[in-house]
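In: Using only what follows, build the 3D model:
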Amino acid sequence: MAEPDVIKPLDIEADKSFEAYRDYSKTLRTWFIAYGIGGPILFVSNKDIAVKVATAPEKSTITYLFLAGVIIQIFITLLNKWSNWAAYSLSLNPPMRLGKRDKLIIWFSDQCWIDILIDLLTLIVFVIGTMMTLQVLLR
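Out: This next block holds a predicted model:
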């Protein structure tokens, strides 16, 4: 009978894994913000492209999609920043009893799925905005 794969605590170096996660997260957020702002700037920096996009009936939707992607990333960054500060503060001054706010902070700090969902949402919004822009440019 084969022994099941068991992960031993020493098999994974948590500090290195977290450092890699942090670096990839920072890089992805920077890329998303740069794309969300730089993409539209690139579209309007060329006169011919700017005229095509400005006269397209989809111009407002395209603008809102790129703006939404940036806002979504800023929102999650602020939420992560504030919750991590609160978690840090809790670790320095642990309360005698955890309140609702404390439990929410601990819960949120332990949820990776929220970041994944937000990143996928941002990617979808940018892909739709980019595809709509390309369709306008290829008319």
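
In: Show me where this structure dips below the pLDDT cut-off.
Out: 1-12 (pLDDT under 70).

In: which residues in the chain form strands?
Out: Applying DSSP state E to the chain gives no strands.

In: The lengthiest helix in the chain: which residues count as buried?
Out: Longest among the helix segments of the chain by residue count, using DSSP state H, is helix 59-92. The neighbour-count check on helix 59-92 (16 or more other C-beta atoms under 10 Å) flags 59, 62, 65-66, 68-70, 72-73, 76-77, 80, 83, 86-87, 90 as buried. C-betas here are computed from N, CA, C, even on glycine.

In: and of these, the nearest to I118?
Out: I76 (4.4 Å; C-beta to C-beta).

In: Tell me, how many residues neighbour L104?
Out: L104: 13 surrounding residues under other C-beta atoms under 10 Å.

In: Correction: the previous question concerned A56.
Out: Other residues close to A56 by other C-beta under 10 Å number 17.

In: For S45, see how far away it is.
Out: The gap separating A56 from S45 is 17 Å, by C-beta to C-beta, to the nearest Å.

In: can you give me the offset of stretch 114-122 from its chain's centre?
Out: 6 Å (C-alpha atoms, centre = their mean, to the nearest Å).

In: for stretch 43-54, that is, sorry about that
Out: 28 Å.

In: give me phi/psi at D110?
Out: Backbone geometry at D110, expressed as degrees, to the nearest 10, gives phi -100, psi 0.

In: measure it to K103 for me?
Out: 11 Å.

In: list residues touching both of the two?
Out: Common contacts of D110 and K103 (C-beta atoms under 8 Å, 6 or more residues apart in numbering): none found.

In: now the helices: where do they sit in the protein?
Out: Using DSSP H, helices in the chain cover 14-45, 47-55, 59-92, 100-109, 113-137.

In: can you give me the angle the last one makes with helix 100-109?
Out: Going back to what we said before, that points to helix 113-137. 60 degrees (axes from the mean of the first three to the mean of the last three C-alpha atoms, to 10 degrees).
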